[in-house]
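Visitor: predicted model and sequence follow; I will ask about them next.
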Amino acid sequence: MTAPLLVINDLHASAGDTEIIKGMNLTIERGEIHALMGPNGSGKSTLSYVLMGHPGYEVTGGQILYKGEDITETDPDERGRSGIFLGFQYPEEIPGVSVLNFLRTALSNRTGTDYTVLELRLKVAEAMTQLGMDQSFADRYLNEGFSGGERKRSEVLQMTILDPELAVLDETDSGLDIDALRTVAEGVQRLHDDDRGFLIITHYQRMLDYITPDVVHVFVDGRVVETGGPDLAKEIEESGYDNYRVGTAG
């Protein structure tokens, strides 16, 4: 029997002396889209960084299994090569490095193949056409002077080119207009298949107007406090998170 794509088992993680993830459990099977919803300050972004092995956070308990292998202590670059992708809430600018050259380096590291600039340009041009992006985008410096929507389109382009098995999108809908939101959603839908999984981390339900998750988790104070189907996201949109906070959750 094939192992689940991702298993988070009683995960605890801290930044310095502050515990942020406080006993997290979650399983994603291949082909599933999971939405993790929670209020600001609940630890959602910390979870995404811990999944990628960010050195600023320490796992103090539990484990992370990816395709049946324990990756709790593996380095970020190894996780990326193995097929895990993180879309950042606030992507960084990299002045002097074009989108094309960034993707060439990232894809070469991901696959072990040294792509020529021409090979990569053709591959990127095809992906940009599918995403409705202007071809000049490839020669701009990564995220330098990009609007919020352009940064998120860039993330979707990266996800498309790198072809991950597990994509973690950290509040990708933050600050997006409707057109950019649709671009992100279409990128997810285009990649979604029976072998790939998604963890969409969000505060609001509006991203889920365009992507229907298989499973919705409510994440409060560093742990999952409720799990359900797509209707759970709509319930949160209507009533908020107060019913799920510590001391009030049933």
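Guide: It's in. It should be emphasised that the depicted structure is a prediction, and the values quoted were computed from it without experimental measurement.
Visitor: what's the helix or strand for E235?
Guide: helix 230-239 (DSSP states H and E).
Visitor: residues of that helix that come out buried?
Guide: By 16 or more other C-beta atoms under 10 Å, the buried positions in helix 230-239 come out as 230, 232-233, 236. Any C-beta I mention is one placed from the backbone N, CA and C, and that applies to glycine too.
Visitor: okay, how far is it across stretch 205-212, tip to tip?
Guide: In stretch 205-212, first residue to last residue: 10 Å (C-alpha to C-alpha, to the nearest Å).
Visitor: next one: it to chain centre, how far?
Guide: Taking the mean of its C-alpha atoms, stretch 205-212 sits 15 Å from the chain's own mean (C-alpha atoms, centre = their mean, to the nearest Å).
Visitor: in it, which residues are buried?
Guide: Applying 16+ other C-beta under 10 Å to stretch 205-212 flags 205, 207-211 as buried.
Visitor: ok, now stretch 12-23?
Guide: Applying 16+ other C-beta under 10 Å to stretch 12-23 flags 12-15, 19-22 as buried.
Visitor: what separation do you get for I33 and G149?
Guide: Distance, I33 to G149, using C-beta to C-beta, to the nearest Å: 22 Å.
Visitor: likewise R121?
Guide: R121 is 23 Å from G149, by C-beta to C-beta.
Visitor: sorry, back to before: so between I33 and G149, which is more surrounded?
Guide: Neighbours were counted for I33 and for G149 using other C-beta atoms under 10 Å; I33 has more, 22 against 17.
Visitor: and the pLDDT at the more buried one?
Guide: At I33, the model reports a pLDDT of 96.
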